[in-house]
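Enquirer: predicted model, plus sequence, below.
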Amino acid sequence: MANKFDIQIRAEKQYAILETAGYLNDALGERLSKEAQELIEKGYTQLVINLDKTALINSIGISILIEIIEALEQHDGTLNFCGLSATQERTFRMMAIAKYAGIFPDEKTAIANF
């Protein structure tokens with residue numbers, strides 16, 4: 001059960017939401033990167049990553065999130081996060097991820113801030 005992971009994607013007209021579930025390590029991170037890259041190639045440059053069902057993120061997962069931010073920046077895009085735990089939010093702020101991506105409490109607020 002510890003290795004179970006999933007990504008749900010909801011694409012709207014102006015943005016897409018990627019909701020992760022499970023441990024954001026190399027396996028889930030690589031899948032998340034692939035899905036985000038495909039969305040960017042389809043013209044979605046406003047993405048929300050909902051981490052509400054992701055309790056743990058390792059260093060590889062963090063580096064993959066940074067890669068997604070960089071890919072979006074190349075397309076003048078925006079990445080917003082929501083559903084972070086207090087620890088995840090502190091980590092994102094310490095690592096300056098919050099300087100390049102928005103952090104919001106829920107999807108509605110993340111979408112409203114594009």
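Expert: That came in fine, so what should we check first? Residues are numbered from 1 along each chain as shown.

Enquirer: hmm, Leu24 is touching Leu51, no?
Expert: Yes: counting by CB atoms under 8 Å, Leu51 is a contact partner of Leu24 at 7.4 Å. From N, CA and C alone the C-beta is placed, and that goes for glycine too.

Enquirer: and for the two, which residues touch both?
Expert: Listed as contacting both Leu24 and Leu51 by CB atoms under 8 Å, 6 or more residues apart in numbering are Ile57.

Enquirer: can you give me every residue that contacts the residue nearest the centre of the chain?
Expert: Against the mean C-alpha coordinate of the chain, by CA atoms, centre = their mean, the closest residue is Ile49 at 3.1 Å. Going by CB under 8 Å, 6+ apart, Ile49 touches 17-20, 32, 36, 65, 68, 79-82.

Enquirer: for Thr20, same thing?
Expert: By CB under 8 Å, 6+ apart, the contact set of Thr20 is 5-7, 28, 32, 49-51, 53-54.

Enquirer: check Ile9 too.
Expert: 16-19, 35, 39.

Enquirer: reformat those residues as a markdown table; add pLDDT and neighbour count.
Expert: Listed next are the contacts of Ile9 as a markdown table, based on pLDDT from 0 to 100; neighbours: other CB atoms under 10 Å:
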| residue | pLDDT | neighbour count |
| --- | --- | --- |
| Ala16 | 98 | 22 |
| Ile17 | 98 | 21 |
| Leu18 | 98 | 22 |
| Glu19 | 98 | 19 |
| Glu35 | 98 | 18 |
| Leu39 | 98 | 22 |
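
Enquirer: from those, which two are the most distant?
Expert: By the measure CB to CB, Glu19 and Leu39 form the most distant pair in these, at 13.0 Å.

Enquirer: wasn't Asp76 part of a helix?
Expert: No: under DSSP: H, G, I helix; E, B strand; the rest coil, Asp76 falls outside any helix and is assigned coil.

Enquirer: in this structure, mark out all the strands, start to finish.
Expert: 6-11, 16-21, 46-53, 78-82, 102-104 (DSSP state E).
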